[in-house]
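Enquirer: turn this into a model:
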Amino acid sequence: MVKSRVGKTVESLGEYLKEQRVSAQLSLRQLADQTGVSNPYLSQIERGLRKPSAEVLQQIAKALRISAEQVYVRAGILDPTEGRGGSVELAVLADNRLTERQKQSLLDVYASFLALNNRAAPDADTTQGEES
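Expert: Below you'll find the model as predicted:
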């Protein structure tokens, strides 16, 4: 089930990026030149065959002059329902001192902490009043 959801996310991301590229009146070659990402790789992203890294998404967003945050949401990197979480995730993604693998590891750990806290939320509601 998770795998199909990821596949759908990648497909909708590709469709979204293609719409944005066409709207910006850019060819794949022009976008490739502006981003430094190969033309075939961009084509695979648009067709939903590849899931690009956060860094590649950031380059694409910059070239298309769209919000990187919106692209991250479309890619499933950011959760639009998490009001507080976005700033942490964006900070990790924007840190050029980290490798892509390090960024993904940090995001995975952060997401696991959020999931753990969400599962423990009913217990926290009953004890929260006592701590305040």
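
Enquirer: so which elements touch the helix or strand hosting residue 34?
Expert: Here residue 34, judged by DSSP states H and E, is contained in helix 28-35. Secondary structure elements in contact with helix 28-35, counted by 3 or more C-beta pairs under 8 Å, 6 or more residues apart in numbering; DSSP states H and E, are helix 39-46, helix 54-64. To be clear about C-beta, it is placed using only N, CA and C from the backbone, and glycine gets the same treatment.

Enquirer: correct me, but residue 93 touches residue 75?
Expert: No. Residue 93 lies out of contact with residue 75 (C-beta atoms under 8 Å); the separation is 10.5 Å.

Enquirer: can you check which residues contact both of those two?
Expert: The contact sets of residue 93 and residue 75 overlap at residue 54 (C-beta atoms under 8 Å, 6 or more residues apart in numbering).

Enquirer: orientation of the helix holding residue 34 relative to helix 39-46 in degrees?
Expert: Calculated by axes from the mean of the first three to the mean of the last three C-alpha atoms, to 10 degrees, helix 28-35 forms an angle of 100 degrees with helix 39-46.
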